[in-house]
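Participant: Below are the sequence and a predicted model; questions follow.
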2 protein chains.
Amino acid sequence: MTEKNYDVLKLENQLCFPLYACSRQIIRKYHKYLDALNLTYTQYIAMMVFWEVKTINVKELGKRLYLDSGTLTPLLKALEEKGYVRRQRSKEDERVLLVEITEAGEALKEQAVSIPAKMNGCMNLTPEEAMTLYHLLYKALS
Amino acid sequence: MTEKNYDVLKLENQLCFPLYACSRQIIRKYHKYLDALNLTYTQYIAMMVFWEVKTINVKELGKRLYLDSGTLTPLLKALEEKGYVRRQRSKEDERVLLVEITEAGEALKEQAVSIPAKMNGCMNLTPEEAMTLYHLLYKALS
DNA sequence: TATAATTAAATTGTACTCAATCGAATTGAG
DNA sequence: CTCAATTCGATTGAGTACAATTTAATTATA
């Protein structure tokens, strides 16, 4: 009779844990740059979508960000409050809420464009390692 | 005069985003297994520490989990509520709160031990890829 | 030995996350 | 057409996260 092996329950043997800790660490680092734009991290990645597509509905935005309406509804209301987006129901289908970027939202892009460079190198990874990490994460996300 | 390049602001060019999305995805998958143990994900990784060390103070626990007292205080109260840990001030230094696993907390380990195997393969990565990811994440966490 | 500095938790306030549920609009099968 | 199923989004409730502040205890120093 051998002892049961509990090593699988050690924190150091989890893949999820460094993933979780690393994600929180990087978001924390974004904070100080995003404060200047009056954006939270989640609002920032939502704005990235708006800077690209100008208009999108909640469902589609959720698909891109892997977030549901429970998170997005208050987030989009906050962005509207700040004047960065406009929310209005679709004429074709009243269930659909179209969210559109405003002039102020577009203008924000100018301030945001310097952030990625500032964040670069904050991760202690070589460019090759960062690339490997990127591809592994997207593979895991599929 | 060349146009300014906004590609750095595209979601697909961020490393932080798949990290964030992947972290949330995996925690979501843990949920259904952890519900049976009446634990949230954060409580689960805290319990992993208790299963290893039996007793630890808030400060040390925070260092291991990369979490601060603002997160841990309510979490530990919840675990105490469920009967999995006991909280008491240190006799040597009244500022220090010692948190100790209970019998019920120990017993939980038996149910938890099957979870890692169930979670295995949920990530769509080969064992080698998972290992690479693990090391890159810990390097980034340093 | 007062008191200043430091330390450990707790508290406060703001902002996510997400499962579950709800209500309104739309669609589809009979 | 009509009612059931589906879809979209909003809402609710529990649980994080974390910066900033507070309180209590301990330690160091003048």
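Facilitator: Yep, it's here. Residues are numbered from 1 along each chain as shown, chains lettered A, B, ... in the order given.
Participant: What is the helix or strand containing residue A:47 packed up against?
Facilitator: Per DSSP states H and E, residue A:47 falls inside helix A:41-53. Using 3 or more C-beta pairs under 8 Å, 6 or more residues apart in numbering or on different chains; DSSP states H and E, the elements in contact with helix A:41-53 are helix A:16-35, helix A:58-65, helix A:69-81, strand A:97-101, helix A:103-112, helix B:16-35. (C-beta placed from N, C-alpha, C; glycine too.)
Participant: Export the ones you listed to a markdown table and append columns for mean neighbour count and mean pLDDT.
Facilitator: Formatted as a markdown table, the helices and strands packed on helix A:41-53 follow (neighbours: other C-beta atoms under 10 Å in any protein chain shown; pLDDT from 0 to 100):
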| stretch | mean neighbour count | mean pLDDT |
| --- | --- | --- |
| helix A:16-35 | 18 | 96 |
| helix A:58-65 | 17 | 97 |
| helix A:69-81 | 15 | 97 |
| strand A:97-101 | 19 | 97 |
| helix A:103-112 | 15 | 97 |
| helix B:16-35 | 18 | 96 |
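Participant: In JSON lines, list those along with distance to DNA strand D.
Facilitator: Shown next, in JSON lines, are those (distance: least, C-beta to the nearest atom of the strand, whole Å):
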{"stretch": "helix A:16-35", "distance to DNA strand D": "3"}
{"stretch": "helix A:58-65", "distance to DNA strand D": "3"}
{"stretch": "helix A:69-81", "distance to DNA strand D": "3"}
{"stretch": "strand A:97-101", "distance to DNA strand D": "4"}
{"stretch": "helix A:103-112", "distance to DNA strand D": "17"}
{"stretch": "helix B:16-35", "distance to DNA strand D": "7"}
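Participant: Can you add distance to residue B:71 and give these back as CSV?
Facilitator: Shown next, in CSV, are the helices and strands packed on helix A:41-53 (distance: least, C-beta to C-beta, whole Å):
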stretch, distance to residue B:71
helix A:16-35, 10
helix A:58-65, 24
helix A:69-81, 19
strand A:97-101, 31
helix A:103-112, 28
helix B:16-35, 14
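Participant: and residue B:5, which of the ones you listed is closest to it?
Facilitator: Between residue B:5 and the helices and strands packed on helix A:41-53, the tightest spacing by C-beta to C-beta is seen for helix A:103-112, at 11.8 Å.
Participant: contacts for the closest one?
Facilitator: By C-beta atoms under 8 Å, 6 or more residues apart in numbering or on different chains, the residues outside helix A:103-112 that reach it are A:36-37, A:39, A:44, A:47, A:50-51, A:79, A:82-85, B:6, B:9.
Participant: and of the residues you listed, the nearest to residue A:140?
Facilitator: For those, the nearest to residue A:140 is residue A:44 (22.4 Å; C-beta to C-beta).
Participant: which non-adjacent residue is nearest that closest one?
Facilitator: Nearest residue to residue A:44 in three dimensions, chain neighbours excluded: residue A:34, at 5.5 Å (C-beta to C-beta, 6 or more residues apart in numbering or on different chains).
Participant: Look up how far residue B:132 lies from the one you found.
Facilitator: Note on residue A:34: its distance to residue B:132, by C-beta to C-beta, to the nearest Å, is 30 Å.
Participant: okay, which residue is most central for chain A?
Facilitator: The centroid of chain A falls nearest to residue A:45 when counting by C-alpha atoms, centre = their mean (4.0 Å).
Participant: got a list of what that one touches?
Facilitator: Neighbours of residue A:45 in contact, by C-beta under 8 Å, 6+ apart: A:65, B:11, B:14, B:17, B:20.
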